[in-house]
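A.B. asks: coordinates only, sequence not included:
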């Protein structure tokens, strides 16, 4: 996730907290939904993985101009982004379970 996406998610969390406490939420300039943010983040991770896979395939075919370091860096970036996305998913599932177990 980029810093911009994290800031938007935090702003949305603050707005929801303010609404839950009965306080008027601050006016935001950006009305991006959480679902759209999540979708964009997943698409970004997918694009990074596809780029990494493409670089690996081109390197294996012996394309000129590609070096091993470039391919390995792209692979590690894709791996790190995927692991971050998995952690975010785990936290969302955990939060959902906590909310579902709350008494009414």
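C.D. replies: Perfect, thanks for sending it. Note that the structure is a prediction, hence the values are computed from the model and not measured.

A.B. asks: quick check: phi and psi on residue 33?
C.D. replies: Taking degrees, to the nearest 10, you get phi -80, psi 160 for the backbone angles of residue 33.

A.B. asks: if you could redo that for residue 67, that was the one I meant.
C.D. replies: Main-chain dihedrals, residue 67, degrees, to the nearest 10: phi -110, psi 160.

A.B. asks: hey, which helix or strand in this structure has the poorest pLDDT?
C.D. replies: helix 3-20 (a mean of 73; mean pLDDT, DSSP states H and E).

A.B. asks: buried stuff in that one?
C.D. replies: Buried positions in helix 3-20, judged by neighbour count with 16 or more other CB atoms under 10 Å: 8, 9, 11, 12. No exception for glycine: its C-beta is placed from N, CA and C like everyone else's.

A.B. asks: run the angle between the very next helix or strand once past it and helix 3-20 for me.
C.D. replies: Counting by DSSP states H and E, the next helix or strand C-terminal to helix 3-20 is helix 34-60. Interaxial angle of helix 34-60 relative to helix 3-20 (axes from the mean of the first three to the mean of the last three CA atoms, to 10 degrees): 160 degrees.

A.B. asks: can you spell out which helices and strands pack onto helix 34-60?
C.D. replies: helix 3-20, helix 68-100 (3 or more CB pairs under 8 Å, 6 or more residues apart in numbering; DSSP states H and E).

A.B. asks: before we move on, back to that, now the least confident helix or strand of the chain, how far from the chain's geometric center?
C.D. replies: The chain centroid and the centroid of helix 3-20 are separated by 15 Å, computed with CA atoms, centre = their mean, to the nearest Å.

A.B. asks: quick one: the helices and strands packed on helix 34-60 as TSV, columns for distance to residue 45 too.
C.D. replies: Output for those, formatted as TSV (distance: least, CB to CB, whole Å):
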stretch	distance to residue 45
helix 3-20	11
helix 68-100	5
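
A.B. asks: low-confidence ranges, this structure, go.
C.D. replies: Scanning the chain for pLDDT under 70 picks out 1-5, 23-31.
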